[in-house]
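Peer 1: Return a 3D structure for these sequence lines:
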Amino acid sequence: MRSNSALLKRIKITVQAGSGIGPMRQIKWAAQDLAKNARKIPGAFKHETLSGVTRGTEKIWAKWGGFVKNAANLASSAELLALAADNQEMSGVKNGIKTLGANCGGCHKAFRVKKKRRKKMAKMKKKK
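Peer 2: Residues are numbered from 1 along each chain as shown. Presented below is the predicted three-dimensional model:
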């Protein structure tokens with residue numbers, strides 16, 4: 001997940017730097033990597049385990065279909081962003097970034113604990 005955040009940041013920085021073949025290629029590659037990562041998300045949570053440091057919640061498995069759909073939407077939006085970059089369409093890239101961000105945020109709101117609660121949950125897990 002951290003690599004997805006880094007890829008999205010790289011895309012945003014590249015867009016701010018300007019258009020052109022070089023930056024658009026970088027956006028395309030980053031978006032393709034993001035799509036590849038998004039397709040792996042359901043597999044990373046398949047075994048109903050939240051081992052290690054995570055902000056994921058049990059809602060992932062309670063609403064598995066929605067979780068998988070959100071991951072698929074993220075992959076699709078990343079693929080569309082890559083296509084816009086490949087076609088040198090800056091307006092499509094900017095719209096693609098907004099859609100991508102909305103898909104990331106939608107999943108985070110539904111299936112991730114807010115940062116403040118993470119410490120509290122970690123303490124609760126230690127007590128078990």
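
Peer 1: Okay, helices next: where are they in this structure?
Peer 2: Assigned by DSSP state H, the chain shows helices spanning 2-17, 21-44, 59-62, 64-86, 90-111, 115-127.

Peer 1: Can you tell me which of those helices has the worst average pLDDT?
Peer 2: Among the helices of the chain, helix 115-127 carries the lowest mean pLDDT, at a mean of 61.

Peer 1: Now for Asp33: which residues touch it?
Peer 2: Asp33 makes contact with 3, 7, according to C-beta atoms under 8 Å, 6 or more residues apart in numbering. (Each C-beta comes from the backbone N, C-alpha and C, glycine too.)

Peer 1: at 10 Å instead, please
Peer 2: If a contact means C-beta atoms under 10 Å, 6 or more residues apart in numbering, then Asp33 has 3-4, 6-7, 10, 78, 82 as its contacts.

Peer 1: One more: Lys59?
Peer 2: By C-beta under 10 Å, 6+ apart, the contact list for Lys59 reads 66-67, 110-113.

Peer 1: same check, this time on Ala82
Peer 2: Taking C-beta under 10 Å, 6+ apart, one finds 11, 24, 27-35, 93, 96 in contact with Ala82.

Peer 1: Return a PyMOL selection command for the buried portion of those residues.
Peer 2: PyMOL command restricting the contacts of Ala82 to the buried ones, with burial defined by 16 or more other C-beta atoms under 10 Å:
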select buried, resi 11+24+27+28+30+31+32+33+34+35+93+96
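
Peer 1: Format the contacts of Ala82 as TSV; extra columns: distance to Trp61.
Peer 2: Below are the contacts of Ala82 laid out as TSV (distance: C-beta to C-beta, whole Å):
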residue	distance to Trp61
Ile11	30
Met24	39
Ile27	34
Lys28	34
Trp29	33
Ala30	30
Ala31	29
Gln32	29
Asp33	27
Leu34	24
Ala35	24
Val93	35
Gly96	30
